[in-house]
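Visitor: Take a look and give me a structure for this.
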Amino acid sequence: MKTGTDADAGRVTLQSTTPTTIAGLASLSAPASLPANNRVLPTEATVFRLSATMTQYKLEADSDYHLVLSDGSGHTMIAEIPDPACVGAGSPLAGSIQKARGEFDAKYTATGSFQTANTAVTVTGVGFFDFLHGQTGVAPNGIELHSVLDVQFGTAGSNTVTVTNPGSKTTTVGTATSLQVSASDSASGQTLTYAASGLPTGLAINTTSGLVSGTPTTAGTYTVTLRATDSTGASGSASFTWTVAGSGSGCTGQKLGNPGFETGTAPPWTASTGIISNSTAEPAHTGTWDAWLDGYGSAATDTLSQPVTIPAGCHASLSFWLHIDTAETTTSTAYDTLTVKIGTTVLATYSNLQHNTGYLAKTFDVSSYAGQNPTLTYTATEDSQKQTSFVLDDIAVTLS
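Guide: Numbers count the residues shown, from 1 in each chain. This is a model prediction of the structure:
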């Protein structure tokens, strides 16, 4: 696992980076036992980035570079850069390890004895829980960044990252909610990575898009801190209060997150690539965005789904607006179809035969799923010729 040649290496999320601190990593609970050949998820499949002081470094007997990192507040941990010659050719980490080793060699010459550095660094690497065996600088829980994929020397960039404070928010237990984090960078061309701490139970943030979404499960008042960090290590944050009220009878409110797709992204929906659209060719029912399934003119299947919690004892209705646009000319054959399903129940199937010039409202009683957490699914299937577009907007599961 230290070089990314284990069976779980493909589970490492190399496409995203999670900003963190030594204190944050050191606060993670150490696993009760360390598997010999598998990763402890999600920590050992996460790429973390932190800024710290490298106090010491050493070339170990196994040819790794052993870096001791400190936050200046009493917390230390280890980061290790393997020897690229020890990394298997099939490792997805190979190129980054070689780059990190080169970055270090351009600044320091490691020997078999610890040398003092006391220099600011920004280190990016994969989380790894090691056995405690008296290592210099080891965190109490054995967490390391191993392998290091990038190391930059000096303080974080002079860029200014600003996170817009969304102001106090209020929601209700069991009601899906979302918040799009807004942030800006004084430097152009920077990619921001997002993080959040103190979120209400049941909510999570997409580190790439900055969308907070989910369904709160526990009432209370939460102090939430949003953070955005650019590729130089510069970051900004904003804190606010998020109050989650008890559900009461639980039989009020709309339960789907991002019902009109106005975040411009899919979450908390799970969607086929590219179907969340603001194209004027298939305009939204309201707002700017919709979900445009199929319309390719070739064999294809698009899906859109989201789990929904329907409290016991509640009446619930599913409603949505549907526009069907087709190039098919038949008046008798359903070549292209859209199936609407909740849980195991197929509510309706539409086809090119129901094409219309505008949106039509559709409503279904889904009260039979009260007390359950079914998944609402739209599946559009198109044959090999003549497009049919199924365009959805303003989807809601409403309790009463």
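Visitor: Can you tell me the strand partners of the longest strand anywhere in the chain and which way each runs?
Guide: Taking DSSP state E as the criterion, the chain has its longest strand at strand 115-129. When pairs are called by DSSP bridges, strand 115-129 turns out to pair with strand 47-59 (antiparallel), strand 143-153 (antiparallel).
Visitor: show me the contacts for V366.
Guide: I310, A316, S317, L318, I342, T345, L347, P374, V397 (CB atoms under 8 Å, 6 or more residues apart in numbering). Where C-beta positions appear, they are placed from N, C-alpha and C, glycine not excepted.
Visitor: could those residues be laid out in CSV, adding distance to V87?
Guide: Compiled in CSV, the contacts of V366 are given as follows (distance: CB to CB, whole Å):
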residue, distance to V87
I310, 50
A316, 53
S317, 56
L318, 51
I342, 48
T345, 51
L347, 52
P374, 46
V397, 49
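Visitor: Filter those residues down to the buried ones.
Guide: Taking 16 or more other CB atoms under 10 Å as the criterion, what is buried in these is I310, A316, L318, I342, P374, V397.
Visitor: Closest to Q354 out of those residues?
Guide: L318 (17.7 Å; CB to CB).
Visitor: now the closest one: how far from V391?
Guide: 17 Å (CB to CB, to the nearest Å).
Visitor: Am I right that G10 sits in a strand?
Guide: No. Applying DSSP: H, G, I helix; E, B strand; the rest coil, one finds G10 to be helix, outside a strand.
Visitor: For it, which non-adjacent residue is spatially closest?
Guide: Take G10 and drop its neighbours on the chain: the residue closest to it by CB to CB, 6 or more residues apart in numbering is P92, 6.9 Å away.
Visitor: Is it correct that that neighbour is in contact with R11?
Guide: No. With contact defined as CB atoms under 8 Å, P92 does not reach R11; the gap is 10.1 Å.
Visitor: Grab the nearest non-local neighbour of L304.
Guide: Y378 (4.4 Å).
Visitor: On the pLDDT front, check that neighbour for me.
Guide: Looking at Y378, its pLDDT stands at 98.
Visitor: just checking, it touches D294?
Guide: No. Using CB under 8 Å, Y378 is not in contact with D294; the gap is 10.6 Å.
Visitor: any common contacting residues for these two?
Guide: Joint contacts of Y378 and D294 (CB under 8 Å, 6+ apart) are L338, F390.
Visitor: Pull out the buried positions in the longest strand of the chain.
Guide: Going by 16+ other CB under 10 Å, strand 115-129 has these buried residues: A117, V121, T122, V123, T124, G125, V126, G127, F128, F129.
Visitor: residues contacting the spatially closest residue to Y369 that is not a sequence neighbour?
Guide: Nearest residue to Y369, sequence neighbours excluded (CB to CB, 6+ apart): I310, at 5.1 Å. Residues near I310 by CB under 8 Å, 6+ apart: K255, A316, V366, S367, Y369, A370, G371, Q372, N373, P374, V397, L399.
Visitor: Check the chain and tell me which residue is nearest its centre.
Guide: Taking CA atoms, centre = their mean, the centroid of the chain lies closest to N206, which sits 3.2 Å from it.
Visitor: now the end-to-end length of stretch 252-262.
Guide: Counting by CA to CA, to the nearest Å, you get 22 Å between the two ends of stretch 252-262.
Visitor: List the neighbours of it that are in contact with it.
Guide: Residues contacting stretch 252-262 (CB under 8 Å, 6+ apart): 172, 174-178, 213-215, 265-269, 276, 284-291, 306, 308-310, 316, 376, 393-400.
Visitor: Domains in the protein, by residue range?
Guide: Listed domain ranges for the chain are 9-153, 161-245, 270-399 (source: automatic domain parsing).
Visitor: between these, which gets nearest to C251?
Guide: domain 270-399 (4.0 Å).
Visitor: Now the terminal residues of that closest one, how far apart.
Guide: 22 Å.
Visitor: Over to stretch 335-346?
Guide: Terminal residues of stretch 335-346 lie 19 Å apart, using CA to CA.
Visitor: picking that back up, adding distance to K2, write the domains of the chain out as CSV.
Guide: Formatted as CSV, the domains of the chain follow (distance: least, CB to CB, whole Å):
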stretch, distance to K2
domain 9-153, 5
domain 161-245, 24
domain 270-399, 33
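Visitor: T265 falls within a strand, correct?
Guide: No. Under three-state DSSP, T265 sits outside any strand and is assigned coil.
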